[in-house]
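Trainee: here are the coordinates; sequence isn't available:
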Ligand code: NAD
Ligand code: 89V
């Protein structure tokens, strides 16, 4: 068995899930970690038994000895780190949001292409089992031809407790969470040609928008609504569940709260739970997202071994990222934005 040697940059809140996912894979060994914060470096290094520890990514790359790098830092450092990895010709995974803007994202993809290295964006939401089950139900033809969909993430969860930086950015919910939900829309309904967005900031104590409603036109003629809110206080909190509604020519699919999937078509109605068992290191309510981390990491290693392009490659993610930029543009201008304008 080939053992893939990896390095992780950024040992913060979410990287712990990534480290756990890597530890679960028999054919991966994380041989080096990097964080400019020495305390975080020590905690992660001790927890996961990694002795090569660096405060500088440049120093880590200079010593080398790994086959891929997993960048788990916040967005401000992504461009410099992806370009550093490209200079060293090391296959790269980068967390979402991939970049600060679409121009940077395009430059990062070009850097990887020029270096001839695979590049995957850690866009894990589409790897959640319930969403994979929705996709399978769609592909089965049970509801005929889909013509309308809604992907919805509404919550009052205090996301700022674990990720305080989210309260500070001028861009918030579309850039941080909507990016996942827009990617799910692409995963289920195909690429989009246009987007119309409206945004609001309900919470007075944050800098960015915490509510966004987006209307997408898809290449295949479908219409979808993508809506996100962190100011929705429900009697039963549903964080971090993504709910889905799809109407087709012969039936409907609903992914309801508590991961209940209902597929209703000519053949009848099927209702079942698509919730997964907790991984040993997972904690509720995050377990479903944590499982998607393990699945995207497995996918990366398979792609690396077979020299295949990952589902959420840099090239693929440009289309999700363009939707993010287009949504902000649409909300600012108060008009529909054509995606071809941005992607060229
Ligand atoms: P965090 O602030 O907790 O951790 C980031 C770490 O990176 C910090 O320890 C920081 O010291 C380190 N760092 C930053 N720049 C560095 C550099 N140049 N060199 C070395 N170390 C550096 O952040 P987080 O909440 O873990 O988020 C990290 C990324 O993960 C963000 O992009 C966030 O959007 C993303 N995220 C993704 C998901 C998901 O489901 N995919 C969930 C949460 C967070
Ligand atoms: O993806 C993220 O960065 C997280 C969460 C999953 C909570 O949206 O902020």
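Mentor: Received, thanks. Note that this is a predicted model, so its numbers are computed, not measured. Ligands and ions are numbered 1, 2, ... in the order given.

Trainee: SS state for the residue of the chain found nearest ligand 1?
Mentor: Relative to ligand 1, the nearest point of the chain is residue 12 (1.8 Å; CB to the nearest ligand atom). All C-beta atoms are positioned from the backbone trio N, CA, C, and that covers glycine. Taken by DSSP: H, G, I helix; E, B strand; the rest coil, the conformation at residue 12 corresponds to coil.

Trainee: was I right about it contacting residue 34?
Mentor: No - look at residue 12 against residue 34 with CB atoms under 8 Å: they stay out of range, at 11.7 Å.

Trainee: neighbour count winner among these two?
Mentor: Taking other CB atoms under 10 Å, residue 12 and residue 34 do not tie; residue 34 has more neighbours (26 against 17).

Trainee: wait, doesn't residue 67 sit right on residue 2?
Mentor: No - shown here, residue 67 and residue 2 do not form a contact pair, counting by CB under 8 Å, at 9.1 Å.

Trainee: Among these two, which residue is more densely surrounded?
Mentor: It is residue 67, of residue 67 and residue 2, that has more neighbours when counted by other CB under 10 Å, with 18 against 9.

Trainee: what's near enough to touch residue 40?
Mentor: 11-12 (CB atoms under 8 Å, 6 or more residues apart in numbering).

Trainee: What residues of the strand or helix carrying it count as buried?
Mentor: In this assignment (DSSP states H and E), residue 40 forms part of helix 38-48. Residues of helix 38-48 classed as buried: 40-41, 44-45, 48 (neighbour count, 16 or more other CB atoms under 10 Å).

Trainee: How about stretch 292-300?
Mentor: By neighbour count with 16+ other CB under 10 Å, stretch 292-300 contains the buried residues 292-300.

Trainee: Kindly report the same for stretch 271-286.
Mentor: Judged by neighbour count (16+ other CB under 10 Å), stretch 271-286 contains these buried residues: 274-276, 279, 282, 286.

Trainee: Likewise for stretch 122-134?
Mentor: By 16+ other CB under 10 Å, the buried positions in stretch 122-134 come out as 122-128, 130-131, 133-134.
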